[in-house]
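Novice: make a model of this:
(2 chains)
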Amino acid sequence: MTQSAAAKAGRPHAVWAIPGVLFFAFFAVAPMILALYLSFTAWNGLGDPKPVGLANWQKLVHDDRLTQSLTVTVLLTVTSWAFQTVVSLLLGVWAAGRQRNRAVLSAIFFVPFLLSSTAIALLFYALLDPNFGVIHQDTLGSTSGAFLAIVFVGGWQFIPFHTLIYQGGARQIPEVLYQAAAIDGAGRYRQFFSITLPQLRNTATTSSVLMIVGSLTYFETVLILTQGGPGTDTAILPYLMYEAGFKSYDFGYASAIATFLVVTATALSLVLVRLTGFGAMRSTREGM
Amino acid sequence: MSHDTLPRPVTSAEEPVEPPHTRRRRHWTRRPNPVAGLGSLLWLAVVIVPIYAMISASLTRQDKALGNNALKPPTDPTFANYNTVLHNGFGHFLANTALVAAAVVGIVLVLCVPLAYVAVRTRTVWSGAAFRLFLLGVAIPAQAVVVPLYLMIAKLDLYDSLLAVILPTAAFAMPVSVLILTGTLRDISEDLYEAMALDGASATRMLFQLVIPMAKGGISTVVIYTALQAWNGFLFPLIFTQSDGPRVLTLGLFNYVSQFGVNIPALLASVVLSGIPIFAVYLVARRALVGGLMGVGGK
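Specialist: Numbering: from 1, shown residues only, chains lettered A, B, ... in the order given. Below you'll find the model as predicted:
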């Protein structure tokens, strides 16, 4: 492709990108490689790591807690995704309408997102306290109660954000589509399933990727609400890693879990990107 | 984008339904949708009840809190719990958090704006590779690298300092920031660059006179997104700091749990206090905040 002299002039030199790339490489990419190295060592946080070959990985393969943790992580991710997608899709499409009451309600709906994960976890820790809270029973002491509490608290925090994404998406749908459908005699529900849902598929992809990657980071919620309990029933992978490293001081084993987590998360993201064409997010002009 | 979020006072749903096609309004506002309306009220309760219970309990005297139903309004409201929290380092934690947020936003903008500019305007193998690095970077969970970062921070002699929190937080805010900025920069018309090039403008001048002014929307989204990330950060402060000196707000809250023990009203007062700064920003800059975040989803 030939370009005019004018189009070539004044383009920034690629060197401009180097500081950012180096910074990111040092604090995010290099640690991943270091994590892989550490997974072949024994290190208790003091002194230098000592190579131990495959010991950590052999331990990992035979660790029942890992299997359980992986199951909990997957279950939690899927349940959270389903809960958050359904609620934020419906609320977002509803809020895309223009009456004043919807604007006011949307403003209130957004408030939970303003609190940090820590603050929200503490809030529900207090409200679910059997001696103090709203429900006078030991919700967090039962396996299903603890699991559902984490799903609910995660949703309470992140549904506002995803509602906003769906609201933005729904407002981009061309009005003519609905007018044409109305002329064809399509009712409200028909319009929702035949126009709104298909038109929101790119929005849904973006939102889902953020939800799934995000639910891997429910660390604060788990640490504060349940500490992985009862027993190890809500010990998601990041929590298992934290316990191995920063509670048992077995940093080599924690690195093996961390490496496993990176591989799982990356594979999951790549599958999602492939399946859904998430790369389309690169340009806001594409899609829709 | 942002003007879309303005509340437009259109006829409310309660008014008599007009015949279709007489007004150009969105199809779903033509007649009320009772199911959706009911659903939204239900969600309103889900949002409001915990917030109400939190505020009400934070005003309850500690000796009356246990065994009480948190939904009942306090009979004898008191600000004593807030006093307790404010005398336990809250202001110090808040100042640290504000410092972290400002530094993280600064670093991310200085590094990411030129990066996005290169990714959009320079077509070389290297700039493409750099962009893909950040595309993949979105998927790196911070949990996965805390152990090696812990080692690096210790070796760099940064352990238990605010820099130990600032530097990794900035790095992990970069991928999404780069994605948002490249999305915005792609929408700047080629003609504008060509017009400036004809005037003999250098790339640096274009950055300051064209790219930054035109990308204001994307930049404010990045500022908000990054500031929220830094404000809410928990894992890095938990693992990279230890003493009171560099303690940030989220960690301060977490420590109140053991400090206050069963004093749940004081704990909730600290949660309310931690939300107030962001809530104040929300009241002032709601349009920018909401409009900016709405853009994260793309189209």
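
Novice: switch to C-alpha atoms for all contacts and neighbour counts from now on
Specialist: Noted.

Novice: so for the strand or helix carrying A:Y239, mean pLDDT?
Specialist: Under the criterion DSSP states H and E, the helix or strand holding A:Y239 is helix A:237-242. Along helix A:237-242, the predicted local confidence has a mean pLDDT of 93.

Novice: buried sites along the strand or helix carrying A:Q58?
Specialist: Here A:Q58, judged by DSSP H and E, is contained in helix A:55-61. For helix A:55-61, burial by neighbour count (16 or more other CA atoms under 10 Å in any protein chain shown) applies to A:A55, A:N56, A:W57, A:L60.

Novice: got the phi and psi for the closest residue to the first one other than its chain neighbours?
Specialist: Going back to what we said before, that points to A:A55. Using CA to CA, 6 or more residues apart in numbering or on different chains and skipping the chain neighbours, the partner closest in space to A:A55 is A:F40 (7.2 Å). In terms of degrees, to the nearest 10, the main-chain angles of A:F40 are phi -100, psi 20.

Novice: for the helix holding A:Q58, packing partners?
Specialist: helix A:251-276 (3 or more CA pairs under 8 Å, 6 or more residues apart in numbering or on different chains; DSSP states H and E).

Novice: could you tell me how far stretch A:194-212 lies from the centre of the chain?
Specialist: Averaging C-alpha coordinates over stretch A:194-212 and over its chain gives two centres that are 15 Å apart (CA atoms, centre = their mean, to the nearest Å).

Novice: what mean pLDDT does it get?
Specialist: 86.

Novice: could you do stretch A:176-185 as well?
Specialist: 90.

Novice: roughly how far is that stretch from the heart of the chain?
Specialist: Relative to the chain's own centre, stretch A:176-185 is displaced by 36 Å; criterion: CA atoms, centre = their mean.

Novice: could you confirm whether that stretch reaches chain B?
Specialist: Yes: for a cut-off given as CA under 8 Å from any CA of the partner chain, stretch A:176-185 has contacts with chain B, namely A:Y178, A:Q179.

Novice: taking the stretch 151-288 of chain A, what residue is nearest to chain B?
Specialist: Nearest residue of the stretch 151-288 of chain A to chain B (CA to the nearest CA) works out as A:A258 at 4.4 Å.

Novice: would you quantify the distance from that residue to A:L60?
Specialist: Counting by CA to CA, to the nearest Å, the separation of A:A258 from A:L60 is 11 Å.

Novice: re earlier: contacting residues for the residue of the stretch 151-288 of chain A closest to chain B?
Specialist: Listed by CA atoms under 8 Å, 6 or more residues apart in numbering or on different chains, the contact partners of A:A258 are A:A35, A:P238, A:M241, B:Q143, B:A144, B:V145.

Novice: tabulate those residues (a markdown table), appending distance to B:R123 and neighbour count.
Specialist: Formatted as a markdown table, the entries for the contacts of A:A258 read as follows, by distance: CA to CA, whole Å; neighbours: other CA atoms under 10 Å in any protein chain shown:
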| residue | distance to B:R123 | neighbour count |
| --- | --- | --- |
| A:A35 | 33 | 28 |
| A:P238 | 38 | 26 |
| A:M241 | 41 | 27 |
| B:Q143 | 34 | 20 |
| B:A144 | 33 | 29 |
| B:V145 | 32 | 26 |
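
Novice: so what touches stretch B:173-184?
Specialist: Residues external to stretch B:173-184 that are found in contact with it (CA under 8 Å, 6+ apart): A:24, A:281-284, B:108, B:112-113, B:115-117, B:119-120, B:134-135, B:137-138, B:215, B:217-219, B:221-222, B:226, B:229, B:296.

Novice: follow-up on the earlier one: counting by contacts, list what the very next helix or strand once past the helix holding A:Q58 packs against.
Specialist: Sequence-wise, the next helix or strand beyond helix A:55-61 is helix A:64-95, with elements assigned using DSSP H and E. Under the contact criterion of 3+ CA pairs under 8 Å, 6+ apart, the helices and strands touching helix A:64-95 comprise helix A:100-109, helix A:143-171, helix A:201-215, helix A:237-242, helix B:34-58.

Novice: B:A266: what secondary structure?
Specialist: Following DSSP: H, G, I helix; E, B strand; the rest coil, the label given to B:A266 is helix.

Novice: where does chain B dip in pLDDT?
Specialist: Where chain B drops to pLDDT under 70, the residues are B:1-31, B:65-70, B:292, B:295-299.

Novice: which residue ranges of it form helices?
Specialist: Counting by DSSP state H, one finds helices in chain B at the ranges B:34-58, B:62-65, B:80-86, B:90-121, B:125-137, B:146-155, B:162-185, B:190-198, B:203-206, B:212-214, B:216-232, B:235-240, B:249-260, B:264-294.

Novice: show me what the first one is packed against.
Specialist: Judged by 3+ CA pairs under 8 Å, 6+ apart, helix B:34-58 is in contact with helix A:64-95, helix A:100-109, helix A:117-127, helix B:264-294.

Novice: make JSON lines from those helices and add distance to A:V262 and mean neighbour count to it.
Specialist: Output for these, formatted as JSON lines (distance: least, CA to CA, whole Å; neighbours: other CA atoms under 10 Å in any protein chain shown):
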{"stretch": "helix A:64-95", "distance to A:V262": "13", "mean neighbour count": "19"}
{"stretch": "helix A:100-109", "distance to A:V262": "33", "mean neighbour count": "17"}
{"stretch": "helix A:117-127", "distance to A:V262": "22", "mean neighbour count": "25"}
{"stretch": "helix B:264-294", "distance to A:V262": "27", "mean neighbour count": "20"}
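
Novice: those helices: which one's closest to A:V263?
Specialist: Ranking these by their distance to A:V263 (criterion: CA to CA) puts helix A:64-95 first, at 12.9 Å.

Novice: returning to that earlier point: ok, which of the helices and strands packed on helix A:64-95 comes nearest A:L75?
Specialist: Nearest of these to A:L75, taken as CA to CA: helix A:143-171 at 9.4 Å.

Novice: how about the very next helix or strand once past the closest one: buried residues?
Specialist: Going down the chain from helix A:143-171, the next helix or strand is helix A:175-183, by DSSP H and E. By 16+ other CA under 10 Å, the buried positions in helix A:175-183 come out as A:Y178, A:Q179, A:A181, A:A182.

Novice: next: stretch B:205-222.
Specialist: Along stretch B:205-222, the positions that meet the burial threshold by neighbour count (16+ other CA under 10 Å) are B:206-207, B:210-212, B:214-215, B:217-222.

Novice: tell me the two of those residues that are most distant?
Specialist: B:M206 and B:T221 (21.2 Å).

Novice: would you agree A:D48 falls within a strand?
Specialist: No: per three-state DSSP, A:D48 lies outside any strand segment and is coil.

Novice: any idea how far it is from chain B?
Specialist: With the distance defined as CA to the nearest CA, to the nearest Å, A:D48 ends up 9 Å from chain B.

Novice: what sits against A:L60?
Specialist: Under the criterion of CA under 8 Å, 6+ apart, the contact partners of A:L60 comprise A:L66, A:Y253, A:A256, A:I257.

Novice: would JSON lines of these with pLDDT be doable?
Specialist: JSON lines is the format used below for the contacts of A:L60 (pLDDT from 0 to 100):
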{"residue": "A:L66", "pLDDT": "92"}
{"residue": "A:Y253", "pLDDT": "95"}
{"residue": "A:A256", "pLDDT": "95"}
{"residue": "A:I257", "pLDDT": "94"}
